[in-house]
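**Q** Provided below for reference: sequence and predicted model.
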Amino acid sequence: MGRIPLRLEVVSGRDLVYPLAALLTFGLGALFGIVSADGFAAQGFGRIWFSRWHDVRRLAHENIFEEFAWRGYLTPRLDAAKVHPILNHLIVGILWWSWHLPYYYYFLDRSILISSITTSIPVFLAIGLLVLFPTAILFGELRLVSKSVWPVFVLHNVINALSMPLLINGFIKVNGPMAPIFTPTNEGIITSILFGAAGLMIYQYRMKRQ
């Protein structure tokens, strides 16, 4: 049998991006005493799946509209208009962040939001703008290299299903002023940088193929 094309390897490996980034970020945070995983010992690993299962369908409904708008429509349209890929992802990232503002302020239960962040809401939103750009690079490049929105949709659901319960349900605790940097969720700065690095690797691969 021949070797699997690299494009297919990139797409099939999408679901490992967040777990690997989160584990690396968690390891660094634990090394410096910023992150603790005592909640896993108290509740058990199986509890995280039970605690999130009831939200999976709702998340899928939200993300399908979100991804078909940003990655399904806007990203390829900007690409067809010859917008530079990084500028493409920056534009999409800013619009993507803007879409979250009414969601966080008017639709998401305030107690859930407060329990899942380590800063004030304004600081959280400012950091959100910073971290969504590298995430938009990863999502956008995955969309362009796969020529399909579905791999991004699946990755988005994996991230949402795994990241929020870590803090909301007390599986991990992040303490101190460095918490936004070492938070092993998709809102963490280190995690987002790793997302961006993965996206740039896909970008470089895609440019070589053109």
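**A** Perfect, I can see it now. All values reported here derive from a predicted model rather than from experimental measurement. Numbers count the residues shown, from 1 in each chain.
**Q** contacting residues for residue 22?
**A** Going by C-beta atoms under 8 Å, 6 or more residues apart in numbering, residue 22 touches 162, 163, 166, 184, 185, 191. C-betas here are computed from N, CA, C, even on glycine.
**Q** so residue 183 touches residue 118, yeah?
**A** Yes. Applying C-beta atoms under 8 Å, one finds residue 183 in contact with residue 118, separated by 6.1 Å.
**Q** Show me whatever sits in contact with both of the two.
**A** Counting by C-beta under 8 Å, 6+ apart, the residues touching both residue 183 and residue 118 are 167, 174.
**Q** Those two: which is more packed in?
**A** residue 183 (31 against 23; other C-beta atoms under 10 Å).
**Q** Quick check: closest non-adjacent residue to the more buried one.
**A** residue 174 (5.1 Å; C-beta to C-beta, 6 or more residues apart in numbering).
**Q** Mind listing the residues bridging to that neighbour?
**A** With DSSP bridges applied, residue 174 shows beta-bridge pairing to residue 35.
**Q** Now do the longest helix along the chain: distance to the chain's middle.
**A** Ranked by number of residues, the top helix in the chain under DSSP state H is helix 121-146. Centroid displacement of helix 121-146 relative to its chain, using C-alpha atoms, centre = their mean, to the nearest Å, is 7 Å.
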